[in-house]
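Colleague: Sequence below, structure please.
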Amino acid sequence: MALSVRRDRIAIVLVQPGQPAGQDQVQAYFMALMAARRVRPPSPLASPPVRALQAIRARHLARHYPVGDAQDADDPMATALEGALWEEGALRIFAASLFAPPSAVAIAHDVALFQPDRIIVVPPSSLFSGGLNGLAIDAWQQAARQAGLMAPASILCCHPTDPALLRRLADRAARALATADPAGRAMLMLVAPGMGRAKDDPLGWQMRRLADELARLLNLPAAQVLATHLPVPGFTGGGLPAIDHVLRGVRAAGLAILPVTPRPLLRPAWADFLPGWQERAGRAGVISLSLETETDLDGADLAPLIRQALAGRPGICAGFGQRFCPAGQDHCPHRRMAVAAMQHAVGA
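Modeller: Predicted coordinates:
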């Protein structure tokens, strides 16, 4: 008589910023984004002036956010992850949003109904910033408590130079550089939404290190790769210069812009900023500007990191060949988890 072996039930939660599904949801989306600037958002009843200021900013931002056709319900990342990890157990992918439905609270209750043995949480970006990955982790942990989830959970805190993802980013950078100047003299400009919650947010440090790694892989002088941020009202760039400011001072005939996150938050897509960037760069003397628009991650590239988390290493942080941020990054709220993960790996 054949015995059936029970497979672990694994819930993978993809926490994304989310996008409004219709024009009537755009202002609510930006209200949620503005509220995220505070580590502990104030009570709506206790701070009407704050809510009023947020509403004014949200209305202004909403005017510049066109909502196009509804996106396909099938998530390519989820489909790729399921295909790459099917042998790990009975796998189910859940998608939660920070600034639009479905919320982390709603998805946490769906996860509870699934009754998982393990939970893997994937925040929105491979880079850590307090207002994006930090917010995603905090939101999920609070939602999980409300839903009564007791299964062990691991979080991919940040992984900006994981080999698979860095290789993909380098390929995109090379393609953008070749488009801007086939002779190889173009500058490369990295950009990410400035979602820091503090002046010394880890975002700036990680972006600068990422720029150094890409310069090495692409055999470029370090000064030819720039790290910038797209300003988001109420947040900081972690010490990075704003992209519009850098564009005005570019001294190169060719320029390639490489977004390092799938979405810019302030517009539906990075391509929506291209006309304005071309105008500013043109005034500075840039003749050819290219924007790499293929920004979505391949779910299969995340599979090795998720396997590490399933191996029992909580708080995986695969940044810069280490499992933790340097000692000077004590402000990162998830550093302790990452240090514990490295110590576990060393002692194994």
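Colleague: Please count neighbours and contacts with C-alpha atoms only from this point.
Modeller: Will do.
Colleague: helix or strand for V15, which one?
Modeller: Secondary structure assignment for V15, by DSSP states H and E: strand 9-16.
Colleague: who's in contact with the helix or strand following that strand?
Modeller: Downstream of strand 9-16, the next assigned helix or strand under DSSP H and E is helix 26-35. For helix 26-35, contacts defined as C-alpha atoms under 8 Å, 6 or more residues apart in numbering pick out 19-20, 41, 54-55, 57-59, 61-62, 65, 98-100, 233-234.
Colleague: same question, stretch 125-136
Modeller: 15-17, 36-37, 39, 98, 123-124, 157-160, 195-198, 201-203, 206-207, 235, 261, 333.
Colleague: What is the end-to-end distance of that stretch?
Modeller: 10 Å (C-alpha to C-alpha, to the nearest Å).
Colleague: pLDDT on that stretch, on average?
Modeller: Average pLDDT, stretch 125-136: 88.
Colleague: which strands and helices sit next to the longest helix along the chain?
Modeller: Secondary structure of the chain per DSSP state H: the longest helix is helix 163-180. In terms of contacts (3 or more C-alpha pairs under 8 Å, 6 or more residues apart in numbering; DSSP states H and E), helix 163-180 is packed against strand 187-194, helix 202-217, strand 254-259, strand 288-291, helix 299-310.
Colleague: Direction included, what does the strand holding V15 pair against?
Modeller: strand 90-97 (parallel), strand 118-122 (parallel) (DSSP bridges).
Colleague: Worst mean pLDDT among these?
Modeller: For these, the bottom mean pLDDT is recorded on strand 118-122, which sits at a mean of 90.
Colleague: relative to helix 299-310, how tilted is that one?
Modeller: 130 degrees (axes from the mean of the first three to the mean of the last three C-alpha atoms, to 10 degrees).
Colleague: Would you list the phi and psi of L149?
Modeller: Phi and psi for L149, reported as degrees, to the nearest 10, are phi -70, psi 120.
Colleague: which non-adjacent residue is nearest it?
Modeller: A112 (6.0 Å; C-alpha to C-alpha, 6 or more residues apart in numbering).
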